[in-house]
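> Generate coordinates for the sequence data below:
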Amino acid sequence: MRILIYSYNYHPEPIGIAPLMTELAEGLVKQGHEVRVITGMPNYPQREIYQEYRGKWYIIEQKNGVTIQRSYLRIKSKPNLIDRLLLELSFVFTSLPQALNGWQPDIILLTVPPLLVSLPATLLGRLYNCPVVLNVQDILPEAAVHVGLIKNKWMIRALQAIEQFAYRSAHTISVIADGFMENLVEKGVPAQKIVCIPNWVNVNFICPLPKKNNPFRIAYQLEGKFVVLYSGNIALTQGLETVIEAACSLRHIPEIIFVIAGEERALKRLEEYCQRCGASNVLLLPLIPREKLPEMLAAADVGLVVQKRNVISFNMPSKIPMLLASGRPIVASVPASGTAARAVRKSGGGIVVAPESPQALADGIMDLYNNPAKVTTLGSTGRLFAIERYSFEQALAEYEALFAEVIATSSESPSSGMLAKLTSSKSIIDI
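Down below sits the predicted model:
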């Protein structure tokens, strides 16, 4: 198959959807398929174009058999709502020429967010006469509305209209959790149009490692400590202030230390909050290189998943499979009826406590601190669940089967060959 992946984020960005789409693209190539990726200039999580990509409009790269076609982004390091809209629009317009510069795909996989990219992807699907599979990683604009990022009623209605357009125009919608499927069905999307393929983790890369002589523990003087780890995106949906307040309530126990690793700008805000609360047992660290991720996860005794109370069925943290694969138990401060809570309970690899409650989070951590046997049992159970349900090999096989089925059941157009000839240029652009 010739597969076109439309993904705003991709390698070398270290967290979020980028590593997942990179693994998927390269895995499909190893299975014998041709893959093109339409993406932006790398900028996440710093929200600044990486140095080697600055000042360029278009770049085409080759990595592990994948053709990566990058385009210019209009990006601000401290974006307001208008800046975010202009960022999405810049990708919409600049990515289209790249998508037309290459072979004709048999199928298009589009990841959202950003939501507006559904417009050029739909156009491409019609021009190429090929089906579009919409991969929903977060449900927008619902997430932005719930956390208060978008309040203007007209903008909310406009984004809801685009959301409905994206669902309606896609041949198939792949979601990453059952709660997403229920959310979409409630919005009128036919259930038969939706398939659930959870995000995965490379269980050979992320695996249980010993805490003793762990390089991460040694580097940050964590030997002999009970390490509570939060690593990843620090966004409005999380509310890391709950973690800091919980840490503050446990500072009388010198063995317990909280480690938060994230984007440096967000850490500055958390550092100020730590100082106000007197949370001297919190270690704030920048994101580490991806190759060192297994040893950081292995340095933890407990991994945290944190959400605000109004995050129910439109967000599924990718760190859940990762923590389970690392063999470390999860303490999930998340809504009890939400997608994340359901995933943690189903795995048997963690406990769920009330969201936005520092006391509940502190009690959950103390429960594990006082029960080493429970820590071991939860970690082992979670690891087995990750191998059975979240392995990359299983997800790759499911995507491959989905693409083959979608291509087989979609109609073909005799006029599509002309566009393929017009857009078959193989020139490499580096402006």
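> And the strands in the protein?
For the chain, the strands defined by DSSP state E cover 2-6, 34-40, 58-63, 66-71, 107-112, 132-136, 172-175, 194-196, 226-231, 256-262, 282-286, 302-306, 330-333, 350-353.
> how about a markdown table for those, with mean neighbour count and mean pLDDT added?
(Glycine included, C-beta is placed from N, CA and C.) Shown next, in a markdown table, are the strands of the chain (neighbours: other Cβ atoms under 10 Å; pLDDT from 0 to 100):
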| stretch | mean neighbour count | mean pLDDT |
| --- | --- | --- |
| strand 2-6 | 24 | 97 |
| strand 34-40 | 24 | 96 |
| strand 58-63 | 15 | 96 |
| strand 66-71 | 22 | 96 |
| strand 107-112 | 25 | 95 |
| strand 132-136 | 25 | 95 |
| strand 172-175 | 22 | 95 |
| strand 194-196 | 17 | 95 |
| strand 226-231 | 24 | 95 |
| strand 256-262 | 22 | 94 |
| strand 282-286 | 17 | 93 |
| strand 302-306 | 25 | 95 |
| strand 330-333 | 29 | 96 |
| strand 350-353 | 22 | 97 |
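> May I ask you to name the longest helix in the chain?
As assigned by DSSP state H, the longest helix anywhere in the chain is helix 81-100.
> what about that helix, distance to the chain center?
Centre-to-centre, helix 81-100 and its host chain are 20 Å apart (Cα atoms, centre = their mean, to the nearest Å).
> Contacts for that helix, please.
For helix 81-100, the external contacting residues (Cβ atoms under 8 Å, 6 or more residues apart in numbering) are 4, 6, 8, 38-40, 57-58, 60, 69-76, 79, 114-117, 119-120, 123-124, 127, 149-150, 155, 423.
> again with stretch 238-245
Here stretch 238-245 makes contact (Cβ under 8 Å, 6+ apart) with 230, 234, 258, 260, 270, 273-274, 277, 279, 282, 304, 306-308, 333, 355-358, 361.
> Break the protein down into its domains, please.
Under the assignment automatic domain parsing, the domains of the chain span 2-200+391-422, 215-389.
> what's the closest of those domains to Ile206?
domain 215-389 (4.2 Å; Cβ to Cβ).
> now the end-to-end length of that closest one.
Domain 215-389 stretches 29 Å from its first residue to its last (Cα to Cα, to the nearest Å).
> In the protein, where is pLDDT below threshold?
Within the chain, the segments meeting pLDDT under 70 span 77, 79, 81, 143-144, 146-149, 235-237, 311-314, 411-431.
> Glu34 reaches Ile3, doesn't it?
Yes. The criterion here is Cβ atoms under 8 Å, and Glu34 meets it with Ile3 at 7.0 Å.
> follow-up on the earlier one: mind listing what's buried in the longest helix of the chain?
84, 86-88, 90-92, 94-96, 98-100 (16 or more other Cβ atoms under 10 Å).
> Likewise for stretch 231-241?
If you call a residue buried by 16+ other Cβ under 10 Å, then stretch 231-241 has these buried ones: Ser231, Gly232, Asn233, Ile234, Ala235, Thr237, Gln238, Gly239, Leu240, Glu241.
> These: which two are farthest apart?
The largest separation in the buried residues of stretch 231-241, counting by Cβ to Cβ, is between Ser231 and Glu241 at 17.0 Å.
> ok, the closest residue to Val132 other than its chain neighbours - how many residues close by?
The shortest distance from Val132 to any residue other than its chain neighbours is 4.1 Å, reached at Gly125 (Cβ to Cβ, 6 or more residues apart in numbering). Neighbours of Gly125 under the rule other Cβ atoms under 10 Å: 22.
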